[in-house]
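**Q** whatever this is, show me its structure:
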Amino acid sequence: MNWRGFRAVVRLELVRGRRLVLWCGGLLLLLLVLTMVLPQQPALIAGVLALPIVMALVMGPLGSLASDKRHGHLEFDRTLPLSLHTIAAGRLLGATLRTAPGILGIVALGMAIADRSAAAAPLVVAIGVLAMLLAWWFLWVLLALNARFAMRRLWWLPLTLWLAPSLVPESVVERVGAAIEQFGTGTFDRLDGSLALLVVLPAAVVLPTVALFGGAVALFAHGLARFRPDPAALGVLLGAAPRRELGAIGRGPVLAVVRLRLRLAFEQFRRELLIIAAMLAVILADLDPIATYARLYLPMLAALIPSGIAFQLMAGRATGALEGLQQLPHPRREIGAGHLLAVLVMAVPGVIVIAVAKAMDGAPMPPSAILARWLWYVTLGWIGTVLAVWATRRRLLSLGVAALVLLAGWWLMHPGTSVTDRILEATAAAGTIRAEAGLWLPLGAALAAVGIGLGLFARGLATMRGER
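**A** Numbers count the residues shown, from 1 in each chain. Just a heads-up that it's a prediction; the model follows:
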């Protein structure tokens, strides 16, 4: 192995993530200090706040790899005078090192739960290291899959892995479980207690780590060897000039934007519509357990249909194609209204899919439930569309700081309350409000999203500067 080149790849991965590492590491260190000096209830709040920061830190390398794929930068890795396995190992190790500060957040939460017990500190640190190791296993697998495959084509994989054991015959599961139990029992019988701790437990950690890292390196290297730039990774490119849409601009930008987004959306989900038709046929034939599989997937696919507008905008923003909307000599709110109408239209097939599936399943939805589902799809799809244009790191950080200020103010007003009890009470209250409000809740959410979202969309379009 070319160790100098390997170190250079690791260093490059660390340099790319230095800003996120410094910010998240500093915040996690601050939260760890707060959990050690504050009373138990605010310390528990600080520990819980560390979890989303840890998740953002772990997802950082995945974002870097996705950006490399979208812009074709992985093609540069293939030109380096290094073996592909060396490059893959360097990138995976660099991703591991740049997420290492996440241990601080897990330890902060553990110490808050243990109420800063000195006796529990070694156990909390050990649990934090093991939890971070599990996060690294998860990260290596996702990086390897993302390097080798187009992740948007693997939307079916998580739920398939979850449902796969239920498709295996019960007799096979029992035989495999008995064999594993017999092997484990026999191994522990041959070893005394101290030897088992010295041999079996380290092996249970080291062997899966080595196997997962080696497999991830091989799959990542295979992905580098087969990589071809795909500029449409997040959506459908415009391709040739949209002459019909450009011609319609003279009659108003709203109509032109709607026509453009609808055409791209149907091109984007052409394959998913075939999958939806196949799943509806499976439900109609009641082919269990595949029908159960289809019932769980259909709501996910139906919600993705109106979200396709947001994916188009994300792709256009990443490639710079979205800057053409900034040059239109029309009010930006009208451009936003065109995208809103496109979301309204694309929410209709999503609701039709769910209504047809329920009817085939013998539980037809009443008109009020269909309308409520359509309103929720419109609300979520429009929020995603607005965020695709408006959201930047600075704005998202401002929202996070505002949320923290509100949370701190709530705690100052209720100093003696339990956080867990309050969360459970809020969850129960939300369910009650949703049941009693009926259609008024999704209608109010949709109207609020539309009213606020049009202004944010126009602001984001006016201030957009290419990459976020």
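
**Q** show me the shaky parts of the stretch 351-468 of the chain.
**A** Residue ranges of the stretch 351-468 of the chain with pLDDT under 70: 408, 410-431, 434-435, 465-468.

**Q** hey, C-alpha coordinates of stretch 29-37 in PDB?
**A** The C-alpha trace of stretch 29-37 is given here as PDB (Å, rounded to 0.1, in the frame of the first residue of the first chain):
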ATOM      1  CA  LEU A  29     -18.100  19.800  24.300                       C
ATOM      2  CA  LEU A  30     -20.200  22.700  25.600                       C
ATOM      3  CA  LEU A  31     -23.200  20.400  26.100                       C
ATOM      4  CA  LEU A  32     -21.000  17.900  28.000                       C
ATOM      5  CA  VAL A  33     -19.900  20.600  30.300                       C
ATOM      6  CA  LEU A  34     -23.500  21.700  30.800                       C
ATOM      7  CA  THR A  35     -24.600  18.200  31.800                       C
ATOM      8  CA  MET A  36     -21.800  18.200  34.400                       C
ATOM      9  CA  VAL A  37     -22.700  21.500  36.100                       C
END
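
**Q** list of residues touching that stretch?
**A** Residues outside stretch 29-37 that contact it (C-beta atoms under 8 Å, 6 or more residues apart in numbering): 42-44, 46-47, 49-50, 53, 101, 104-105, 107-109, 111-112, 116. For glycine as for every other residue, the C-beta is placed from the backbone atoms N, C-alpha and C.

**Q** now it: buried residues?
**A** Of the residues in stretch 29-37, 31-32, 34-35 count as buried by neighbour count, 16 or more other C-beta atoms under 10 Å.

**Q** other SSEs contacting the helix or strand hosting Thr292?
**A** Assigned by DSSP states H and E, Thr292 falls within helix 290-319. Here helix 290-319 touches helix 40-71, helix 157-167, helix 253-268, helix 270-285, helix 332-360, helix 367-390, going by 3 or more C-beta pairs under 8 Å, 6 or more residues apart in numbering; DSSP states H and E.

**Q** weakest of these in terms of mean pLDDT?
**A** With a mean of 64, helix 157-167 has the lowest mean pLDDT of the helices and strands packed on helix 290-319.

**Q** picking that back up, between the helices and strands packed on helix 290-319, which one is closest to Ile305.
**A** Ile305 sits nearest to helix 332-360 of all the helices and strands packed on helix 290-319, at 4.2 Å, using C-beta to C-beta.

**Q** before we move on, back to that, what angle do the helix holding Thr292 and helix 40-71 make?
**A** Interaxial angle of helix 290-319 relative to helix 40-71 (axes from the mean of the first three to the mean of the last three C-alpha atoms, to 10 degrees): 70 degrees.

**Q** what's the average pLDDT for the host helix or strand of Gly25?
**A** Under the criterion DSSP H and E, the helix or strand holding Gly25 is helix 18-37. The average pLDDT within helix 18-37 is 87.

**Q** wait, Ile305 touches Ala342, no?
**A** No. Look at Ile305 against Ala342 with C-beta atoms under 8 Å: they stay out of range, at 11.3 Å.

**Q** so what sits against both of these two?
**A** If you check Ile305 and Ala342 against C-beta under 8 Å, 6+ apart, the residues they both contact are Ala265.

**Q** where does the stretch 51-200 of the chain dip in pLDDT?
**A** Applying pLDDT under 70 to the stretch 51-200 of the chain flags residues 151-168, 184-200.

**Q** what about the helices in it?
**A** Listed in chain order, the helices of the stretch 51-200 of the chain (DSSP state H, counting those that start in this stretch) span 74-79, 84-98, 102-113, 121-148, 157-167, 170-190, 193-226.

**Q** which stretch among the ones you listed is buried most, on average?
**A** Most buried of these, by mean neighbour count (mean count of other C-beta atoms under 10 Å): helix 102-113, with a mean of 24.

**Q** against which helices or strands is that one packed?
**A** So helix 102-113, by 3+ C-beta pairs under 8 Å, 6+ apart, packs with helix 18-37, helix 40-71, helix 121-148.

**Q** among the ones you listed, which comes closest to Pro253?
**A** Distance to Pro253, taken as C-beta to C-beta, is lowest for helix 40-71 among these, at 27.5 Å.

**Q** and the angle from the closest one to helix 193-226?
**A** Using the same axes, to 10 degrees, helix 40-71 lies at 30 degrees relative to helix 193-226.

**Q** heads up, I number from 13, so please use that
**A** That works, and once the first residue is 13, the last one we named lands at helix 52-83.

**Q** report the buried residues of helix 52-83.
**A** Within helix 52-83, the residues scored as buried using 16+ other C-beta under 10 Å are 53-62, 65-66, 68-70, 72-73, 76-78, 80-83.

**Q** and the residue nearest the centre of the chain, how far is that from His83?
**A** The residue lying closest to the centre of the chain (C-alpha atoms, centre = their mean) is Met71, at 8.5 Å. Taking C-beta to C-beta, to the nearest Å as the measure, Met71 and His83 are separated by 18 Å.

**Q** swap in Asp298?
**A** In terms of C-beta to C-beta, Asp298 sits 46 Å off from His83.

**Q** which residues are contacting stretch 444-458?
**A** When contacts are defined by C-beta under 8 Å, 6+ apart, stretch 444-458 is touched by residues 380, 383-384, 387-388, 390-391, 394.
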